[in-house]
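In: quick one: sequence and predicted model below, then my questions.
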Amino acid sequence: MIYNTPKLSILDRTKYVWISDFVYGGIDGSVTTFAVVAGVQGAQLSTAIILILGFANLFADGFSMAIGKYSSDKAELERIKKIKRLEYESIKGKPAEERQEIKDILAGSGFSGDCLDCATKVITKDKKIWVDMMMKYEFNVADETIYPVKSSLTTFFAFNIIGIIPLLSYLFKPLLPFGDNSIFVLTIVFTLFALFIVGAVKSRFSDQKWWLSGLETLIIGGVAASLAYLIGFLLKGLA
């Protein structure tokens, strides 16, 4: 066969492309914000410091991630555009060599004899199909699911929506009948639950069971948060 059958069609991959950006932003948002909270809590600083540093990290880091995502996706699209242009020029300038490359690709996929010649003729009859096949098999690139604006916005909102969860207990602390230690425990529970949900969503992109993916993400985020708390606790004497 020429093409491997994907788990999701191009239409499906376009529809669900936001999931990877949501997971990327959500995990980073929850882990980094909770790391700030855990570090400051470990240092036994005030609630005001937790909120100031937490929200500063939330918006600044979220914006930075969104800009980075947009820039990297845009750069990738520009790279693909350049490769396509060079391929069209190569087809025009060296058609025999480019046609042989298609033939080699098809031969490697199991075509032979008259079928190989016929398939090569059909593909090289349409320059767009010709170039698309070269892009896939020679350069291993595709631009069907690269959307810089959509991806950067999804990353930003996921970072902030999930990342604000570790701050909620402290934000509403005056309304809660809990002490500092209980507030921190509540924050841990909320954050781990958020990480589990993000991990469960991540399973939509894999064969992994949703609960296992959620647990895996929860553990990874929990380890990162524990390290931040430990560092804050060890350095609390400097505050």
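Out: Noted; the coordinates are in hand.

In: contacts and neighbour counts: CA atoms only from here.
Out: Fine.

In: pLDDT on the helix or strand containing residue 67, on average?
Out: According to DSSP states H and E, residue 67 maps onto helix 47-93. Here helix 47-93 scores 94 as its mean pLDDT.

In: packing partners of it?
Out: Counting contacts by 3 or more Cα pairs under 8 Å, 6 or more residues apart in numbering; DSSP states H and E, helix 47-93 is packed against helix 17-42, helix 127-137, helix 148-163, helix 165-171.

In: following that helix, which helix or strand comes up?
Out: Using DSSP H and E, the helix or strand that follows helix 47-93 towards the C-terminus is helix 95-108.

In: which residues are contacting that following helix?
Out: Helix 95-108 has contacts (Cα atoms under 8 Å, 6 or more residues apart in numbering) with 2, 90-91, 116-117, 119-120, 124, 130, 133-134, 137.

In: and those residues, which are buried?
Out: 91, 116, 119-120, 124, 130, 133-134 (16 or more other Cα atoms under 10 Å).

In: among these, which two are most distant?
Out: Comparing all pairs in the buried ones among the contacts of helix 95-108 by Cα to Cα, the longest separation belongs to 91 and 116, at 19.3 Å.

In: quick one on the thing from earlier: any idea of the angle the helix holding residue 67 forms with helix 127-137?
Out: For helix 47-93 against helix 127-137, the angle by axes from the mean of the first three to the mean of the last three Cα atoms, to 10 degrees is 130 degrees.

In: quick check: angle from helix 47-93 to helix 148-163?
Out: Helix 47-93 runs at 160 degrees relative to helix 148-163, counting by the same axes, to 10 degrees.

In: shaky segments in the chain?
Out: Scanning the chain for pLDDT under 70 picks out 1-16, 144, 236-239.

In: residue most distant from the centroid, it?
Out: Centroid-distance maximum for the chain: residue 114 at 44.1 Å, with Cα atoms, centre = their mean.

In: other SSEs contacting the helix or strand harbouring it?
Out: According to DSSP H and E, residue 114 maps onto helix 113-123. For helix 113-123, the elements it packs on are helix 95-108, judged by 3+ Cα pairs under 8 Å, 6+ apart.
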